[in-house]
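# A predicted structure for the sequence below; I have some questions about it.
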Number of protein chains: 2
Amino acid sequence: MNTDLFSRPVQLKNTVIDDDFWNQIRELVRTEVIPYQYEALHDRVEGAEKSYSIDNFIKAGKVVKDLSQGKEVAVYPTDKWHYDDKNAPEGAFHGWVFQDSDVYKWIEAVGYSLTTHPDDELKAKAKEIIDLVCNAQLENGYLDTLYIINNRNAVFENLKDFHELYCFGHMAEAAISFYNATGERKFLDTVCRFADLICDTFGEDKIKGYPGHEIAEMALVKLYDVTAKEKYLQTAKFFIDERGKKPYYYDKALGKETVEDNYHYNQAHREPRHQHEAIGHAVRGVYLYSGMADIAKRYGDDELYLACKKIIENIINKKMYITGGIGSTSHGEAFSFDYDLPNDLAYSETCASIGLIFFARRMLEIEPDADIVDAMEKALYNTVLAGMSQDGKSFFYVNPLEVLPEASHKDSRKNHIKTVRQKWFGCACCPPNLARLVSSIGEYCYTQNNDTFYIHQYIGGKVYADKAEIDIHSNYTEDGKVSILVSSKESFTLALRIPKWCDTFSFSHNAVIKDGYAYFEISNETRIDAHFKSEVKIIKCSNRVRSNIGKVAVTKGPFVYCLEEVDNGKNLQMLSLDKHTSFFVEGENIYADGYREKDCEKLYSAWEEAKKEKVKLCFIPYYKWANRGENEMTVYIRIE
Amino acid sequence: MNTDLFSRPVQLKNTVIDDDFWNQIRELVRTEVIPYQYEALHDRVEGAEKSYSIDNFIKAGKVVKDLSQGKEVAVYPTDKWHYDDKNAPEGAFHGWVFQDSDVYKWIEAVGYSLTTHPDDELKAKAKEIIDLVCNAQLENGYLDTLYIINNRNAVFENLKDFHELYCFGHMAEAAISFYNATGERKFLDTVCRFADLICDTFGEDKIKGYPGHEIAEMALVKLYDVTAKEKYLQTAKFFIDERGKKPYYYDKALGKETVEDNYHYNQAHREPRHQHEAIGHAVRGVYLYSGMADIAKRYGDDELYLACKKIIENIINKKMYITGGIGSTSHGEAFSFDYDLPNDLAYSETCASIGLIFFARRMLEIEPDADIVDAMEKALYNTVLAGMSQDGKSFFYVNPLEVLPEASHKDSRKNHIKTVRQKWFGCACCPPNLARLVSSIGEYCYTQNNDTFYIHQYIGGKVYADKAEIDIHSNYTEDGKVSILVSSKESFTLALRIPKWCDTFSFSHNAVIKDGYAYFEISNETRIDAHFKSEVKIIKCSNRVRSNIGKVAVTKGPFVYCLEEVDNGKNLQMLSLDKHTSFFVEGENIYADGYREKDCEKLYSAWEEAKKEKVKLCFIPYYKWANRGENEMTVYIRIE
């Protein structure tokens, strides 16, 4: 690693977002998603699956109170992934084993929102919930409502399948967000007490376990960055170093011994530093890789960084949909093998693309890399945004690249492919995850070090950098034009990322172009105009991807486009793009020349050149699909 | 129905097969498959999953003896689909709930084999096993080893999931086969006692249940044909009439009530006579439809026949692979929706294609139909034959149209797709089913009535028809030439099926051509030479089948061809067929001009016309694939 290239993100409070494209999305999150989720956490949304989240904290708080008063407290089994009115007694924990994390993700999003948009009423609501959370902490610092309600003596017994360390991670991220927004320490102190317990519990000469669902690693690093308590960093490192060592901890915990590699689903098949391929449950994966990058940077660990590099290259070059979606199989919500990217069976979970953005940002802190930013951008503008409806009221968990409603309804291989967004998930990871990313997007646009300020993503607004104030006027998503006004008293280098999709770009000032970035020496007030000409492009996929042979996708700027039945009629597979077409852009739509094969009902017949008619094709941005009712959709189309 | 068109198959003993193509396959079944399966039933094949079949009959026989001596007999639970050394006590039943049927299918195959190829040693072995079976019959006629061993008081309690009536069906078919071969009644009488019990148990004013896995319907009709006992026919009709009536019998048995349609998997969602689409578990389906056709014919039931017609048309026109495979989803081994025929996820069970042949033959007995024979032929020469290796020692259960070994190993969505045939299945339906079909193939070639003798399939040999002796010299699979020598003292009509794949045919005599058959008036000794010119054809699939858009398959005569990696290199998806190619046939191989795209490792890049080189493509018959080790295979190839 070249430490000269290290950089840090800008703190959220030092960023202001003001961007025609993003303002409306962020407003939706603030005015629709966050309030809606507040109601959902309280089980007050009619027709939505029950969350039980707040209820669990109230129950756990009562347990803690009863214990402190020496009262006897009931014990319930902790033997399932999900508890509900049918399989659990009324007094017991309800919901998924990771249900607490929904509350934390909501608080985290609220913290970000308060940072950039103060709101006393919202803050009061968050503080009420934080009080419930803090009241549920055991005297020793432990805080997970499943075990507090059901069985205090069973904590940390099933690290592989249950989610105490995962919930801890989200708790830490939430507390940090709320502390950064308000300066109020109560929640942060609560988290630190739990973190202290974790540091006292896990390590060399202690329990040599590690999280089944990763996130604690990067959360502990964040907590270290805020508190400067070295042991948090050390425990994060321990979790990464210990993971996947043989004999496996999970084997020992389960009283068995596996000789062959196992626990791929949890990325615990071998030590992370020896992992060179993205494997297993995709969200777990990118959360682990984020923590690995954090530790690699903070410890100057070249071997661990090399693993991160190999993994992110493997994702970007062999395992990522053009939409920035990752995790191509629903079995285990997991990465599949190289180049296995089926369009109609995709899993491509919204959360996985969010996690990829976390991982990408951490890699950029080690070394700027235009390929990584490109992947981050693909994920952000396509899969992540597709996760939410245009009215902010419904969400996709799974983001396919081809949808036939009949298949989703009748073919159980595809029943994970929803044709319209859903209101709320019992397993509600995606909506609050999306809310927290969108509310904190400022943390993903820039990084800086003593010499250089990097602009990786062009979102309009203002940044208070270490050495300058930078105003960004962005028309990036429209025509690729960006104006950057720098007010600086010190000289520094401004690095502007050149999008990979852009063949023609120009700057108002001379720049040194290197590895996908344009470098400008700034010494005083300067206005740099950049133009990243965004043209409609026809993109092909590697012919190793079997499902896309002979097909192409259409893109413009950061956006991948798709065809919907509502614009193009049924049987989208019968359409093809004319390879000589020109494109006509109108608003967000792109029109092109194409063909439609004549419908052939006969199942088998002698081959003849297909009969087809000329048609106008209408493409819309992928992130806007399924906002006009249930219909067919495809990203890829044949070209001829 | 037009009863003038009704016809009957020729009894197996009146057929002799002597055909270069079929002799070797039938010899393999006789000399390899039947002996191998005998060993497998006895659990004497090293490395193969245990069958437990013979063992169960021995155990059940002991129970029967103990009961007759007034001894107390143990009771074990009947609560699983599969019992083995790990989950069942030593004295209890072992294997699948339908394990008995493997023994019956073996006896059935032996019966057919003895009919055409007497073999005292084999007959003695079969009689030994038959003795074991007969000894296991309860005094009241009941005979299913699961319940006899585990719990005599629980019989017929779970018709939906357990397989007593299914095993009975196979038992009846076996006993009839052995009786027809040897004239020995012992096994047939045993079966009749069980059949009598079934007739006494099920019916109006009795238990109104019906089989969860169909076959008893057609078996009872066969038993009626042999014994002339009317009640067998009536009970078969009862099973079909009662099936799917609401409120559902299965609901009542399980103590619940479903309002919406249910039990599609078992084709019990509605009354068979109101079913117009092939649905649910494919093998169950075609077995039911076979029984429906039997009953429709014997009762002159037009409504039921219409249902059969609609269903077979639905299969042939919308739900059948070009290889005659049916059941395109592994979930429930089931039919999917219309035109959903993915190549790489196919289930296409060998047994389902065998069942389709059963159904097709019964439909031909009602009315000759060249489309139905065509489907039967596709199934026989492609999927069924592909089910067995060239050495008769290993078998496919699942018959995909596209295989990438890496996907089968790494993608759990495809772990039902085996890349090489397996030695023996614990759930061993396919190998013995294949053995019984191949051994009795003479029953599927011809039907006759008072006026007409139909030759549906051209397999060389001799037939002793009601009105003539017919010698068939067939080179059908090679060049489509067939010579038919008829020795007859009576005049009759000879009807020769004209294959659907054949555009150019000629006959040595004048014929009336009608609906895919050529009709000849025969009045004395005549030799008719027919030539069905088999040319290599390029076949396209309906463009409603999404996975085959832009692709074609190559066929010649009844055979569908495929490409294998061993002949054409890796990444078969990069190949395409030159639309102007001529074809060169050498032995069973077909060579053609094509292209191979240059391998493009880069996942996403600007589209440009694919770089490709000219290559010679080598196609082999589909049924021969996977005989040269594990490798890629595809039936469909892009055309350009």
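Received the coordinates, thanks. Quick caveat: nothing in here was measured; it's all calculated off a predicted structure. Numbers count the residues shown, from 1 in each chain, chains lettered A, B, ... in the order given.

# Flag the shaky bits of chain A, pLDDT-wise.
The model of chain A has pLDDT under 70 over residues A:424-428.

# Would you mind giving the domain segments of it?
A:445-532, A:537-639 (automatic domain parsing).

# Counting neighbours, what do you get for residue A:100?
Other residues near residue A:100 come to 29 when the count uses other C-beta atoms under 10 Å in any protein chain shown. Heads up, the C-betas are built off the backbone N, CA and C, glycines and all.

# Which element, helix or strand, includes residue A:236?
helix A:230-242 (DSSP states H and E).

# Buried ones in that helix, by neighbour count?
By neighbour count on 16 or more other C-beta atoms under 10 Å in any protein chain shown, the buried set for helix A:230-242 is A:231, A:232, A:233, A:234, A:235, A:236, A:237, A:238, A:239, A:240, A:241, A:242.

# picking that back up, could you say which one of the domains of chain A comes nearest to chain B?
domain A:537-639 (4.0 Å; C-beta to the nearest C-beta).

# hang on, residue A:103 packs against residue A:60?
No. Assessed by C-beta atoms under 8 Å, residue A:103 is found out of contact with residue A:60, at 11.3 Å.

# picking up where we left off before, now flag whichever of the buried residues of helix A:230-242 is closest to residue B:31.
residue A:242 (59.2 Å; C-beta to C-beta).

# In contact with the closest residue to residue A:187 other than its chain neighbours, which residues?
In this structure, residue A:187 finds its nearest non-sequential neighbour in residue A:175, 4.2 Å apart by C-beta to C-beta, 6 or more residues apart in numbering or on different chains. Applying C-beta atoms under 8 Å, 6 or more residues apart in numbering or on different chains to residue A:175 gives the contacts A:107, A:187, A:188, A:190, A:191.

# And for residue A:113?
Residue A:113 touches A:29, A:30, A:34, A:119, A:122, A:439, counting by C-beta under 8 Å, 6+ apart.

# Please settle this for me: is it part of a helix?
Yes. Under DSSP: H, G, I helix; E, B strand; the rest coil, residue A:113 sits within a helix.

# Where do the helices of the stretch 251-400 of chain A begin and end?
A:282-299, A:302-318, A:350-366, A:370-378, A:385-386 (DSSP state H, counting those that start in this stretch).

# can you put those in CSV and add distance to chain B and mean neighbour count?
Below are these laid out as CSV (distance: least, C-beta to the nearest C-beta, whole Å; neighbours: other C-beta atoms under 10 Å in any protein chain shown):
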stretch, distance to chain B, mean neighbour count
helix A:282-299, 14, 27
helix A:302-318, 6, 19
helix A:350-366, 15, 26
helix A:370-378, 9, 23
helix A:385-386, 18, 26
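
# Please name whichever of the ones you listed is nearest to residue B:635.
helix A:302-318 (26.9 Å).

# circling back: tell me the one of the buried residues of helix A:230-242 nearest residue A:317?
Nearest to residue A:317 among the buried residues of helix A:230-242, with distances taken as C-beta to C-beta, is residue A:240, at 23.9 Å.

# Thought residue A:272 was touching the closest one, still the case?
Yes. Look at residue A:240 against residue A:272 with C-beta under 8 Å: they come within range, at 5.3 Å.

# If anything else comes up later, I'll come back, but that's it for now.
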